[in-house]
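Participant: one predicted model, sequence on top.
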Amino acid sequence: TTAPEQTGTQDRKVGVSKAQDSKGALIETQPVRGTRDFAPDDYRLRQWLFGEFEAVSRLFGFEQFETPVLESEELFVRKAGEEITQQLYNFEDKGGRRVALRPELTPSLARLILAQGAGLPLPAKWFSIGQCWRYERTTRGRRREHFQWNMDIVGVPGVAAEAELLAAIALFLERLGMSAQDIVIKVSSRKVLQAILERFGVPEDAVGPVSVIVDKMEKIPLEKVEEELTELGLSKEAMDGIVAATRIGTLEELQQLLGEGNEASQELQELFSIAEGYGIAEYLQLDTSCVRGLAYYTGVVFEGRDRAGQLRAIFGGGRYDRLLSTFGGQAQPCAGFGFGDCVILELLQDKGLVPELPHKVEDLVMVLDEQLRSKAAQIAQRLRKAGRRVDLVLESKKMKWVFKQAERCGAERLIIVAPDEWERGMVRVKDLAAREEQDVAVDALLEAQ
Ligand SMILES: CC(=O)Nc1cnc2ccccc2c1
């Protein structure tokens, strides 16, 4: 008998694909479900957006880092019912390792911080832009990857860290042409829920899982939320207390609910006061319904929304003081945010704020006679070494094509290497904007810019 892998399935599979190849069937040209290609036009827009992420991060004195998209699965195995861990893009590799495509960047940051050891100068202000993955059931046809910008501050216990992060986001939004008229940043604290649960004798470690459930309040019916809270073992009174605590919209109401001296109230009051200093207070709105769906937050949490309320969260973040210690490392106070690349682009489109980013070179160089190809190469090289972007026509083309190409690449000048002019040490230069042509000495090419 043949080994299982040699049975018909093997042959049939090979047979079918052979047959298709013989007909020369086109391979699938679309990317894998839930993923995107970035053809040049898309890539320019993405590079522009990421350039803004990086520029703001550097203005705030943050340092860039990167970690692999592939991580040990253990980084993301949390028992709090988060959607992000239920949709883990995980598998066993050929070495039998349990690995996963990262669904977020924060655990990798925590791992890298711990890997630096006790010698790492604090505070660490790090940022990264990385692709994150989830395995969505195809039913919802949602994307399975996106890019996230993260900024994190490790080693600062006070809300000055959260204020700094919010100021970075506000500066980013302003650089893109938006303001507090367009975006609201809902701010709250996990310590509100913590105080409520304490009041009803619910153990503190329930704050994460309860938050994950409460975070779905906007997306699923209240009955379902209450059902899931009941499954967690919460009493009706505790549930009512939680629901009431998600309906606070002012610091005064919060102080009434939790009492003057409550930590959550005091922290949020300080945060709003520092925000005044940055001039970003008008972005902020206390809203205790904002709990965020990640279990590891322990303090301030925030999320950005479009004021029209049409879109999903633009960004989210908060304080996560226990993540490093749950990884077995030295506890460190941490705060950070994640800013995805999809909702922001939808918002920019809605507001007509997507910039025109055409493909652009300074010079288009061509030869009239193939014998002069090496001369054209020499010309192109000199221009490029002087920092001018040059599109060199690589085969003989009709002038109609050349002018079309000049349009496509936004060339300012068309430089034609032609036999007669070359004899005189000259090339023909068409100024495509002024629609003028002149013969220019090769050595003068870099002056006439
Ligand atoms: C709008 C969108 O594509 N969101 C998205 C897409 N892919 C993800 C992948 C991992 C985690 C979150 C993700 C979120």
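Facilitator: Looks like it came in fine.
Participant: need the residues of the chain near the ligand, please.
Facilitator: The chain comes close to the ligand at residues Pro103, Cys132, Trp133, Arg134, Arg143, Arg144, Glu145, His146, Gly340, Cys342, Val343, as judged by Cβ under 6 Å from any ligand atom. Any C-beta I mention is one placed from the backbone N, CA and C, and that applies to glycine too.
Participant: quick one: contacts for the first one?
Facilitator: Spelled out, it's Pro103. Phe76, Ile84, Thr85, Gln87, Leu88, Tyr89, Cys132, Trp133, Arg134 (Cβ atoms under 8 Å, 6 or more residues apart in numbering).
Participant: with adjacent residues omitted, what lies nearest to it?
Facilitator: Excluding its sequence neighbours, the residue lying closest to Pro103 (Cβ to Cβ, 6 or more residues apart in numbering) is Ile84, at 4.8 Å.
Participant: likewise for the third one?
Facilitator: Of all residues beyond its chain neighbours, the one nearest Trp133 is Leu101 (3.7 Å), with distances taken as Cβ to Cβ, 6+ apart.
Participant: and the one you found, what are its bridge partners?
Facilitator: Taking DSSP bridges as the rule, Leu101 bridges to Leu70, Tyr89.
Participant: tally of neighbours for it?
Facilitator: 20 (other Cβ atoms under 10 Å).
Participant: is it true that it touches Leu70?
Facilitator: Yes: contact criterion Cβ atoms under 8 Å: Leu101 and Leu70 qualify, at 6.3 Å.
Participant: any weak-confidence spans in the stretch 301-449 of the chain?
Facilitator: Scanning the stretch 301-449 of the chain for pLDDT under 70 picks out the ranges 448-449.
Participant: show me the helices in it, by range?
Facilitator: Counting by DSSP state H, counting those that start in this stretch, one finds helices in the stretch 301-449 of the chain at the ranges 323-326, 343-350, 373-385, 399-408, 419-423.
Participant: tell me which other helices or strands the shortest one touches.
Facilitator: For helix 323-326, the elements it packs on are helix 106-116, judged by 3 or more Cβ pairs under 8 Å, 6 or more residues apart in numbering; DSSP states H and E.
Participant: need the contact partners of the helix it packs on.
Facilitator: If you take Cβ under 8 Å, 6+ apart as the criterion, helix 106-116 is touched by 65, 67-68, 71, 75-76, 102, 120, 124, 126, 128, 130, 150, 152, 154, 294, 296, 320, 323-324, 327, 329-330, 332, 334, 336, 338.
Participant: of those, just the buried ones, ChimeraX syntax please.
Facilitator: Here is the ChimeraX selection string for the buried members of the contacts of helix 106-116, based on 16 or more other Cβ atoms under 10 Å:
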select :65,67,71,75,76,102,120,124,126,128,130,150,152,154,294,296,320,323,324,329,332,334,336,338
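Participant: inside strands: which ones of the contacts of Pro103?
Facilitator: Using DSSP state E, the subset of these located in strands is Tyr89, Cys132, Trp133.
Participant: wait, what's in contact with Gly279?
Facilitator: Applying Cβ under 8 Å, 6+ apart, no residues qualify as near Gly279.
Participant: now, of the residues of the chain next to the ligand, which are buried?
Facilitator: For these, buried by 16+ other Cβ under 10 Å: Pro103, Cys132, Trp133, Arg134, Arg144, Glu145, His146, Gly340, Cys342, Val343.
Participant: now do the same contact list for Gln256.
Facilitator: Counting by Cβ under 8 Å, 6+ apart, Gln256 has no contacts.
Participant: list the buried residues of the helix or strand encompassing it.
Facilitator: Applying DSSP states H and E as the criterion places Gln256 in helix 251-258. For helix 251-258, a neighbour-count test (16+ other Cβ under 10 Å) marks Leu254, Gln255, Leu257, Leu258 as buried.
Participant: go on, stretch 373-388?
Facilitator: For stretch 373-388, using 16+ other Cβ under 10 Å, the buried residues are Arg373, Lys375, Ala376, Ile379, Ala380, Leu383, Arg388.
Participant: the spatially most central residue of the chain in helix, strand or coil?
Facilitator: Among the residues of the chain, the one closest to the centroid is Gln148, at 2.1 Å (Cα atoms, centre = their mean). Classification of Gln148 by DSSP: H, G, I helix; E, B strand; the rest coil places it in strand.
Participant: what's the burial count for the closest residue in space to Asn262 that isn't next to it in sequence?
Facilitator: The shortest distance from Asn262 to any non-neighbouring residue, by Cβ to Cβ, 6+ apart, is to Ala195 (6.0 Å). Ala195 has 21 neighbouring residues, counting by other Cβ under 10 Å.
Participant: quick one: distance of the helix or strand Ala195 falls within to the chain centre.
Facilitator: Per DSSP H and E, Ala195 falls inside helix 190-199. Centroid separation between helix 190-199 and its chain, computed with Cα atoms, centre = their mean, to the nearest Å, is 31 Å.
Participant: buried stuff in it?
Facilitator: Residues Arg190, Lys191, Val192, Leu193, Gln194, Ala195, Ile196, Leu197 are the ones in helix 190-199 that count as buried (16+ other Cβ under 10 Å).
Participant: what is the subsequent helix or strand relative to it?
Facilitator: Following helix 190-199 in sequence order, the next helix or strand is helix 207-214 (DSSP H and E).
Participant: put the alpha carbons of that following helix into PDB.
Facilitator: Coordinates of the C-alpha atoms in helix 207-214 are reproduced here as PDB (Å, rounded to 0.1, in the frame of the first residue of the first chain):
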ATOM      1  CA  VAL A 207     -11.800  44.900  35.900                       C
ATOM      2  CA  GLY A 208     -10.200  43.700  32.700                       C
ATOM      3  CA  PRO A 209     -12.800  41.100  31.700                       C
ATOM      4  CA  VAL A 210     -15.700  43.400  32.700                       C
ATOM      5  CA  SER A 211     -14.200  46.200  30.600                       C
ATOM      6  CA  VAL A 212     -14.000  43.900  27.600                       C
ATOM      7  CA  ILE A 213     -17.700  43.200  28.000                       C
ATOM      8  CA  VAL A 214     -18.700  46.800  28.700                       C
END
